[in-house]
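# Model the following, please.
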Amino acid sequence: MNPQKGRGSVSNATPRFESHVRETVCDEWSQASPDEEPKTRTVVFVERAKTIISSNQSPDIPFEQSVNAYRGCEHGCVYCYARPSHAYLNLSPGLDFETKIFAKENAAEVLRQTLEKKSYEPKLIALGTNTDPYQPLERKLLITESILKVLEEFNNPVAITTKSALVTRDIEILARMAQKNLARVFMSVTTLDRDIARTLEPRASTPSKRLEAIRELTEAGIPTGVMVAPIIPALTDHDMEKILEHARAAGAMHAAYVALRLPLEVTNLFQEWLEVHHPLKAKHVMSLVRQMRGGKDYDSDFRTRMRGSGIHADLIQQRFKKACARLGLNESRRPLTTELFRRPIAPHPQMSLF
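Residues are numbered from 1 along each chain as shown. Here you go, the predicted structure:
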C-alpha cells in the first residue's frame with residue numbers, strides 16, 4: 001500500500017453493497033514504476049437537495065437537528081465515522097470519500113423554505129455533524145456561508161464543529177449572532193503533533209492554526225470551545241491535557257472529547273493507515289482500542305460509543321475531568337436561545353390591511 005500525499009486513506013476498498021471487487025494491477029504498459037499510482041484528484045458533484053435538515057433522537061447527541069452542506073470530506077481524516085455513508089452512493093469509504101464530494105448547492109434555498117413553514121419548530125441547528133462545513137471546497141462554493149446568512153435572518157441558533165480555521169471567514173456573521181446568544185463554535189483538535197496530523201487528517205488546518213482560530217473567535221465575542229476528538233490511545237491521548245491548556249490560553253471556555261470510533265469500513269481503513277504510518281505501534285493501539293470497546297473494534301451502544309468502557313476509558317475520562325477543573329473549563333454554559341426566532345415578512349405587491 002502506497003499512501004498518496006495529501007490523502008488520508010491508503011486504499012479505495014470496494015463498497016459493501018457492491019458485488020464486484022476492484023483490484024489494482026500493473027499491466028507493465030505504463031512508463032511509471034509499478035509502485036507508483038496515479039494521483040487521485042478531487043471531483044465535485046453538484047447535488048440539488050430536496051430536504052436539508054436531518055433529525056436525530058440519539059440520547060448521546062446534544063442536538064436534534066443538523067444541516068450538512070456536503071457529502072464526503074476533502075479533509076481526509078482517516079478515522080472519520082462518516083466514511084461508511086459513501087457506500088450508500090455505491091462509492092468507497094476510502095479514497096472516494098475524500099475525493100468524490102457532493103455539494104448541495106441549493107442548501108440555503110431549501111433551508112429558507114423549511115424555516116418559513118409554520119410547522120417548523122425553532123430548535124438549535126448543528127453544522128459539522130457528519131462532514132466538515134468548512135472543508136477546502138467551502139472557500140470557493142460558500143455554501144456554509146449562505147446557510148449562516150439564512151439562520152441569522154431567522155434568528156435560528158446554530159452550533160458549529162469544525163477542524164478548519166476557515167470558520168474565521170464568517171466571523172462577522174457569527175459575532176452578530178453571538179451577541180443575541182444564537183451561535184457557538186467548537187474547534188476539533190486531535191493532536192498537537194504536526195507530523196501525525198499531516199497524515200491522520202491531511203487537508204484539515206494545522207493544529208496551530210486551529211488554536212489561533214479559537215483565539216480570533218473568542219476575541220470577537222463568539223462562545224468557543226475545544227473538542228479533543230478523536231482520542232486515539234497510545235498515539236494522541238498523551239496530548240489531551242496540552243490541547244486543553246493551549247485552547248484555554250486561546251480563550252476557550254468549554255471542552256469535550258470523543259474516543260476513537262471505528263464503525264464498519266472505518267476499522268480496516270484505520271488499521272491500514274496504522275500499518276503504513278505507525279507500524280511499530282499498530283498492534284498496541286488496536287489492543288487498547290479493543291479494551292475500550294469490550295474486546296471488539298467498535299461497540300455502537302449509545303451508552304458507551306462516545307467514551308468507551310473499561311479501565312483505559314475510565315482513565316481518560318478522569319484525566320479529562322481533572323484537566324478541565326484545573327483550567328476552569330466547563331464551569332458554565334449558557335444555552336442558545338430560540339426565543340428570538342422570527343419569520344421575515346416576504347415582500348408582496350399587496351399591502352397588508354393592518
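# Only C-alpha atoms from now on, for both contacts and neighbour counts.
Will do.
# biggest strand in this protein, by residue count?
With DSSP state E applied, the strand covering the greatest number of residues in the chain is identified as strand 224-231.
# need the contact list for the residue nearest to residue 6 when sequence neighbours are not counted.
Closest residue to residue 6 in three dimensions, ignoring its sequence neighbours and counting by C-alpha to C-alpha, 6 or more residues apart in numbering: residue 202, at 5.1 Å. Residue 202 makes contacts with 6, 7, 8, 75, 76, 77, as judged by C-alpha atoms under 8 Å, 6 or more residues apart in numbering.
# now those residues in TSV, with neighbour count?
Compiled in TSV, these are given as follows (neighbours: other C-alpha atoms under 10 Å):
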residue	neighbour count
6	18
7	25
8	28
75	27
76	26
77	24
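# sorry, back to before: parallel or antiparallel, list what pairs with the longest strand of the chain.
Each strand paired with strand 224-231, and its direction, by DSSP bridges: strand 183-188 (parallel), strand 254-259 (parallel).
# Let me know the average pLDDT across it.
What strand 224-231 shows for mean pLDDT is 98.
# could I get the helix or strand just after it in CSV with only the CA atoms?
Once strand 224-231 ends, the next helix or strand along the chain (criterion: DSSP states H and E) is helix 240-250. As requested, the backbone C-alpha atoms of helix 240-250 are provided in CSV (Å, rounded to 0.1, in the frame of the first residue of the first chain):
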residue,chain,number,x,y,z
MET,A,240,-5.1,15.7,25.7
GLU,A,241,-4.0,17.9,28.6
LYS,A,242,-1.8,20.0,26.4
ILE,A,243,-4.6,20.6,23.9
LEU,A,244,-6.9,21.7,26.7
GLU,A,245,-4.2,24.0,28.1
HIS,A,246,-3.5,25.7,24.7
ALA,A,247,-7.1,26.0,23.9
ARG,A,248,-7.8,27.6,27.3
ALA,A,249,-4.9,30.0,26.8
ALA,A,250,-6.5,31.0,23.5
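# how big is the angle separating helix 240-250 from strand 224-231?
160 degrees (axes from the mean of the first three to the mean of the last three C-alpha atoms, to 10 degrees).
# Can you tell me what sits against helix 240-250?
Applying C-alpha under 8 Å, 6+ apart, the set of residues contacting helix 240-250 from outside is 189, 191-192, 211-212, 214-215, 218, 225-226, 228, 231, 255, 319-320, 323-324, 327, 329.
# now stretch 50-62
By C-alpha under 8 Å, 6+ apart, the residues outside stretch 50-62 that reach it are 63, 64, 65, 66, 67, 68, 107, 110, 111, 302, 303, 306.
# Going through the contacts of helix 240-250, which ones are buried?
With neighbours counted by 16 or more other C-alpha atoms under 10 Å, the contacts of helix 240-250 contain buried members at 189, 191-192, 211-212, 214-215, 218, 225-226, 228, 231, 255, 320, 323-324, 327, 329.
# Just the ones of those in strands?
Under the assignment DSSP E, the buried ones among the contacts of helix 240-250 contribute 225, 226, 228, 231, 255 to strands.
# Which of those residues sits closest to residue 181?
Each of those was scored against residue 181 by C-alpha to C-alpha, and residue 225 proved nearest at 14.9 Å.
# The closest one touches residue 183, doesn't it?
No - Residue 225 is not in contact with residue 183 according to C-alpha atoms under 8 Å; the separation is 11.8 Å.
# Let's check: the centremost residue of this structure is which one?
The centre of the chain sits closest to residue 132, judged by C-alpha atoms, centre = their mean, with a distance of 4.5 Å.
# does that residue count as helix, strand or coil?
At residue 132, secondary structure determined by DSSP: H, G, I helix; E, B strand; the rest coil is coil.
# Tell me who's in contact with it.
Contact partners of residue 132, counting by C-alpha under 8 Å, 6+ apart, are 70, 73, 75, 161, 162, 163.
# Tell me how far it lies from residue 43.
Computed with C-alpha to C-alpha, to the nearest Å, the distance linking residue 132 and residue 43 is 17 Å.
# ditto for residue 210
As for residue 210, its distance to residue 43 is 26 Å (criterion: C-alpha to C-alpha).
# and residue 88, which of the strands paired with strand 224-231 is closest to it?
Closest to residue 88 of these is strand 254-259 (C-alpha to C-alpha; 25.2 Å).
# Do a quick rundown of the strands in the protein.
According to DSSP E, the chain carries its strands in the segments 43-47, 53-55, 65-67, 70-71, 100-104, 125-127, 158-162, 183-188, 224-231, 254-259.
# Now tabulate those in JSON lines and tack on distance to residue 172.
Compiled in JSON lines, those are given as follows (distance: least, C-alpha to C-alpha, whole Å):
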{"stretch": "strand 43-47", "distance to residue 172": "28"}
{"stretch": "strand 53-55", "distance to residue 172": "24"}
{"stretch": "strand 65-67", "distance to residue 172": "21"}
{"stretch": "strand 70-71", "distance to residue 172": "23"}
{"stretch": "strand 100-104", "distance to residue 172": "24"}
{"stretch": "strand 125-127", "distance to residue 172": "17"}
{"stretch": "strand 158-162", "distance to residue 172": "14"}
{"stretch": "strand 183-188", "distance to residue 172": "12"}
{"stretch": "strand 224-231", "distance to residue 172": "15"}
{"stretch": "strand 254-259", "distance to residue 172": "21"}
